[in-house]
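A.B. asks: Turn this into a structure:
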Amino acid sequence: MEPFWPRKSPHFLACRRAVRPVHTNPDLPAAIGLSGGPDSLALVAAAAAEGKHVRAVVVDHGLQPGSADVAARAAEQAQRLDVPAEVVRVDVDTVAGTGRAIGLEAAARAARYKALFAAAGSDADVWVAHTADDQAETLLLGALRGNPAGMAPRSDRLVRPLLFLRRAETVGACQELGLETWDDPMNHDSAYRRVAIRQQIIPALTELLGGDAVVPLAGTANRIAEDRQLLESLADLEPTADCAELAADPAPVRRRRIAAWLIDNDIPVQGDQLNAIERLVTDWHGQGPITLTGGRTVTRDAGHLHLV
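C.D. replies: Alright, predicted model coming up:
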């Protein structure tokens, strides 16, 4: 039986309008990352209501007691919305491929995206339910590392249809549809920096501004993402450790290529460390190694950067 879509549902209508222009391949269903939370459930429901060719993929990280039951309930709700769903169990490894320890949050994210793209196959898109609130948090997280960043509505096969919607719309949509959402306990643990930004920093900025801080923060992040996509279309941003090649690049390109080289080696990008590495390229006078987060170092030898 097809699901019933209520006529008077302004929040759900906003979600449907966000999804409406996103193209799906009639032969390859897009894989929607579904956690069971309001953002991803609203995305699945909106895609179903708009007749998009999608399926839901629930990634069970196995990090909390009862996670398998949570994943099963999320899949059941997608199926009630007439969206095929599967549960994929992953092991979260907090040791990167380089042998460097990484945080639990980063490790879970890496495992989740790996599973989503594996489930989607080599050609289908992956949809995730980031909202404008997530965009604002991402900007602040990056800025605190000295590398302010923004998410794009589409990055290759990764699609974010709800990026310009507020979280209140997805929560309201699920209430209008009578969907049972899962409240992840980790989203209330301020030991995680993103949660602390959500619970403490953004409310403080809103009070300081006398208005909603998410709007200007998300807007700034959107512009950063647009600028990056333009730069990628105009310049070679492939990672490299060749100092002569990097020195010949304009500064914005050089910094992004160094950052890409670090990311390729499972190193988180920190602004002060990135500046110091850049000086190994542009102001070389025999300085010593640059110590990175996690204990590894970058040195220059024979005209190339090296990770030790």
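A.B. asks: what's the helix or strand for Arg7?
C.D. replies: Taking DSSP states H and E as the definition, Arg7 sits outside all helices and strands.
A.B. asks: Pull the number of nearby residues for it.
C.D. replies: Neighbour count of Arg7, defined by other CB atoms under 10 Å: 6. Using the backbone N, CA and C atoms, a C-beta is placed for each residue, glycine as well.
A.B. asks: how close does it get to Lys52?
C.D. replies: Taking CB to CB, to the nearest Å as the measure, Arg7 falls 20 Å from Lys52.
A.B. asks: Ok, Gly295 next?
C.D. replies: For Gly295 relative to Lys52 (CB to CB), the value is 46 Å.
A.B. asks: Neighbour count: these two, which is higher?
C.D. replies: Lys52 (21 against 9).
A.B. asks: Check the secondary structure at the more buried one for me.
C.D. replies: coil (DSSP: H, G, I helix; E, B strand; the rest coil).
A.B. asks: Am I right that it is in contact with Ala18?
C.D. replies: No - contact criterion CB atoms under 8 Å: Lys52 and Ala18 do not qualify, at 11.7 Å.
A.B. asks: ok, which stretches of the protein are strands?
C.D. replies: Using DSSP state E, the strands of the chain run over 30-33, 54-60, 85-89, 126-127, 154-155, 158-159, 290-291, 297-301, 304-307.
A.B. asks: mind listing the helices for the stretch 1-150 of the chain?
C.D. replies: Applying DSSP state H, counting those that start in this stretch to the stretch 1-150 of the chain gives helices spanning 10-19, 38-49, 67-80, 104-120, 132-144.
A.B. asks: Can you add distance to Asp93 and give these back as a markdown table?
C.D. replies: Shown next, in a markdown table, are the helices of the stretch 1-150 of the chain (distance: least, CB to CB, whole Å):
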| stretch | distance to Asp93 |
| --- | --- |
| helix 10-19 | 33 |
| helix 38-49 | 23 |
| helix 67-80 | 16 |
| helix 104-120 | 6 |
| helix 132-144 | 22 |
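A.B. asks: Now do the nearest residue to His130 once chain neighbours are set aside, the pLDDT please.
C.D. replies: In space, and not counting its chain neighbours, His130 is closest to Arg160: 4.7 Å by CB to CB, 6 or more residues apart in numbering. Among the per-residue scores, Arg160 holds a pLDDT of 98.
A.B. asks: now do Thr24
C.D. replies: 88.
A.B. asks: so it makes contact with Lys52?
C.D. replies: Yes - at 4.7 Å, Thr24 counts as touching Lys52 under the criterion of CB under 8 Å.
A.B. asks: before we move on, the earlier item: reformat the strands of the chain as TSV; add mean neighbour count.
C.D. replies: Shown next, in TSV, are the strands of the chain (neighbours: other CB atoms under 10 Å):
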stretch	mean neighbour count
strand 30-33	24
strand 54-60	24
strand 85-89	16
strand 126-127	24
strand 154-155	14
strand 158-159	20
strand 290-291	16
strand 297-301	15
strand 304-307	16
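A.B. asks: Columns distance to Ile263 on top of those strands, output as CSV?
C.D. replies: Converted to CSV, these look like this (distance: least, CB to CB, whole Å):
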stretch, distance to Ile263
strand 30-33, 21
strand 54-60, 22
strand 85-89, 24
strand 126-127, 19
strand 154-155, 14
strand 158-159, 15
strand 290-291, 16
strand 297-301, 14
strand 304-307, 12
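A.B. asks: And the lowest-mean-pLDDT helix or strand in the chain, what does it pack against?
C.D. replies: Taking mean pLDDT, DSSP states H and E as the measure, the chain has helix 104-120 as its least confident helix or strand, at a mean of 88. Under the contact criterion of 3 or more CB pairs under 8 Å, 6 or more residues apart in numbering; DSSP states H and E, helix 104-120 touches strand 30-33, strand 54-60, strand 85-89, strand 126-127.
A.B. asks: quick one: that helix to strand 54-60, angle?
C.D. replies: Angle of helix 104-120 versus strand 54-60, following axes from the mean of the first three to the mean of the last three CA atoms, to 10 degrees, is 140 degrees.
A.B. asks: buried set for helix 104-120?
C.D. replies: The neighbour-count check on helix 104-120 (16 or more other CB atoms under 10 Å) flags Glu105, Ala107, Ala108, Ala110, Ala111, Arg112, Ala115, Leu116, Phe117, Ala119, Ala120 as buried.
A.B. asks: Repeat that for stretch 74-93.
C.D. replies: Ala74, Ala75, Gln77, Ala78, Leu81, Val83, Ala85, Val87, Val88, Val90, Val92.
A.B. asks: Okay, now the unreliable bits of the chain?
C.D. replies: The chain contains residues with pLDDT under 70 at 1-2, 94-102.
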